[in-house]
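> generate a structure from the sequence data that follows.
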Amino acid sequence: MPNPPALPHDDEHPIPFQQMVEQIPGLIFQLSRDANGVLKFIYLNERCMDVLGMNASALRQNASLLADLIVVNDKQDYFDTLMQSAHTLQTWYWKGRIQIPSWQDIKWVSIRATPMQHADNNVLWNGIITNVTQTKQEELAAKQMQARLLELTVHDEKVKEQERTRIAREIHDELGGNLTAIKMAISLLKRKLEVTNACVEKVDYIDKLADNTITAVRRIASDLRPSVLDLGLVAAIQWQVDAFVRHTGTACELICADDEISCPADQASALFRVTQEALTNISKHAQASLVHVYLEKNEMNTILLSITDNGIGIQSADQLKSDGFGLRGMRERIGMLGGQFNIDSSPQMGTVLNIALPL
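So this is what the prediction gives:
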């Protein structure tokens, strides 16, 4: 239907209210509900055909025709929101799909209406129904794009984790093995050769250099993929806790009812890394004297990790920083795997970090 022509007006001759209503791009309505729950459209403007594909006279005679258009999966929410608005007298807002047979199409519509209660317990809504199909399609397309990007990011992270594991093992097996052989050859050389003091110093220097290189190789391999994860998630977290106690002297305890919790390698690596980052933050910033790490797998097949400390807490401004205490990296690492990351902290009240990661 073509849009009605613009009406000439000025300050002294405003557009008549009825004509102004007819130009609004939506279905303006008044809907009443009597004490018996019977619905009736008191008023409908001429946009009824444009929005719902039916004549206004038909809908005025039978208000249930609107509900008949709603797709099955959205119908219950329509009635629930309508009844809630009637009982609370709060704004009725509903968005859902309608199927219009004459158009052979499904459209998204939005209803927004303000209720008023009359003395006879009737409720009267004044509202508007608008076609939001294009907006909803754009919203769904954006969500699909976000889901696709997340899927690609997760896949990329898995590939990188696999590549880190491969490189770590090659470094450990190849370089580590060769350096150990060099170390043995140096020791044999020192025993076999008649050397001057200068030569002894050179051999000792090479020996020390080999030791340092072996240490560096182990550290790099561990950074790429901690070998302790081969022992399982619980053992790896316990190792992390023990290392924290040794390095900081701060009391720290792992509380886990299970000897082992099975999970995919990428999830185990993420939980290990987050625990590592959290404990590092505590040692650097929290000034805590007691730390607890809780780990469990619940009946919903979700791994729960909670790290608490009694330190000075994190300022709200620091939590909002994009790189504050590595929180963004931890949140993204868990989010990519479909998990939830939450941190609760206030000055002088300690910090609680909670993670829920579905398997």
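> contacts and neighbour counts: CA atoms only from here.
Fine.
> domains of the protein?
Using automatic domain parsing, the domain ranges for the chain come out as 17-131, 139-224, 227-358.
> of the ones you listed, which shows the lowest average pLDDT?
Of all those, domain 139-224 carries the lowest average pLDDT, namely a mean of 71.
> picking up where we left off before, can you put the domains of the chain in a markdown table and add mean neighbour count?
Formatted as a markdown table, those follow (neighbours: other C-alpha atoms under 10 Å):
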| stretch | mean neighbour count |
| --- | --- |
| domain 17-131 | 16 |
| domain 139-224 | 14 |
| domain 227-358 | 17 |
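> can you pull out the helices in the stretch 151-300 of the chain?
Per DSSP state H, counting those that start in this stretch, the stretch 151-300 of the chain carries helices over the ranges 176-192, 197-224, 233-248, 265-281.
> swap in the stretch 1-150 of the chain?
17-23, 48-52, 56-61, 64-69, 72-88, 133-170.
> hang on, the earlier thing: need the helices of the stretch 151-300 of the chain in TSV with distance to I98, can you?
Output for the helices of the stretch 151-300 of the chain, formatted as TSV (distance: least, C-alpha to C-alpha, whole Å):
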stretch	distance to I98
helix 176-192	67
helix 197-224	53
helix 233-248	50
helix 265-281	42
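> of these, which is nearest L89?
For the helices of the stretch 151-300 of the chain, proximity to L89 was assessed by C-alpha to C-alpha; helix 265-281 is nearest, at 47.2 Å.
> mind giving me the packing neighbours of that closest one?
If contacts are counted by 3 or more C-alpha pairs under 8 Å, 6 or more residues apart in numbering; DSSP states H and E, helix 265-281 sits against helix 233-248, strand 302-309, helix 327-335.
> so which of these gets nearest A270?
Nearest to A270 among these is helix 327-335 (6.5 Å), distances taken as C-alpha to C-alpha.
> neighbouring contacts of the very next helix or strand once past the closest one?
Using DSSP states H and E, the next helix or strand after helix 327-335 towards the C-terminus is strand 340-345. Outside strand 340-345, the residues that touch it by C-alpha atoms under 8 Å, 6 or more residues apart in numbering are 313-315, 330-331, 334-335, 351-357.
> what residues does the helix or strand that comes right after strand 340-345 touch?
Using DSSP H and E, the helix or strand that follows strand 340-345 in sequence is strand 351-358. Strand 351-358 has contacts (C-alpha under 8 Å, 6+ apart) with 300-314, 334, 337-345.
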